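In: Quick one: sequence and predicted model below, then my questions.
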Amino acid sequence: SVETGDEIKIGQGSEATLMLESETSVHLREGTDLKVEQIQANETNGFLSRLQIFAGSILADVKKHLEQSRSSFEVEANGVVCGVRGTAFEVTAQGDNALVATQEGAVEVANGTETHRVEAGNFSSFQRGRFLLRRRLERPEIGRFQKWRAFRGLVLRKRLQRLADIRAHRREPWKRRHFLLKRAILRHELNKRRRHQD
């Protein structure tokens with residue numbers, strides 16, 4: 001589990017996927033250095049999250065209609081902040097540049113003085129927070145995202161199977177630092193699975 005203030009570094013030949021609330025997931029590619037600026041549940045059964053990328057690239061698949069639960073999801077990279085309300089997109093921090101590729105929905109990219117909207121199927125780049133260019137996504141960029149989305153489905157199925165095994169007493173729950181926290185998280189996961197089955 002990750003908490004506010006944690007930093008995640010992905011080595012060469014490795015990758016990781018963060019599974020957040022509301023079926024939102026973030027894939028960290030090799031060489032990525034990311035800080036969790038904020039991650040917490042809110043009072044309307046949603047979540048608040050803000051990630052900062054120092055280097056590397058993430059692919060995010062954010063559940064649609066976050067406004068219903070007053071959830072927020074933001075990614076900061078090299079002077080720009082990407083805000084979404086239900087989008088599939090990629091953000092890369094490369095030197096002084098921030099690269100944003102939107103697969104679905106739209107991403108609002110702000111630098112404090114101006115805002116750019118990156119629509120589905122488009123790629124935009126920013127240098128030190130200033131807009132450089134916009135173009136259409138290329139086939140390899142679209143294919144990379146589709147490959148990851150298929151992998152994400154596999155991760156989700158494994159997660160649900162683990163919960164089923166825990167419920168059937170075939171596996172031990174995840175080890176947590178405090179047994180009350182462990183019980184609360186497990187109860188929350190099982191309730192989510194029941195809702196998913198209904």
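Out: Received it, and whenever you're ready, just let me know what you need.

In: after the top strand by length along the chain comes which helix or strand?
Out: For the chain, the strand with the greatest residue count under DSSP state E is strand 47-61. Downstream of strand 47-61, the next assigned helix or strand under DSSP states H and E is strand 72-77.

In: Now the terminal residues of stretch 113-131, how far apart.
Out: 11 Å (C-alpha to C-alpha, to the nearest Å).

In: One more: stretch 23-34?
Out: So stretch 23-34: terminal residues 20 Å apart, C-alpha to C-alpha.

In: Same question for that stretch: list its buried residues.
Out: By neighbour count on 16 or more other C-beta atoms under 10 Å, the buried set for stretch 23-34 is T24, S25, V26, H27, L28, R29, T32, L34. The way it works is simple: take the backbone N, C-alpha and C, and place the C-beta from them, glycine included.

In: do the same with stretch 51-67
Out: Neighbour-count burial for stretch 51-67 [16+ other C-beta under 10 Å]: 51-53, 55-63, 66.

In: what mean pLDDT does that stretch have?
Out: The predicted model gives stretch 51-67 an average pLDDT of 86.

In: And for stretch 117-127?
Out: For stretch 117-127, the mean confidence score works out to 94.

In: can you tell me the distance between the two ends of it?
Out: Termini of stretch 117-127 sit 16 Å apart (C-alpha to C-alpha).
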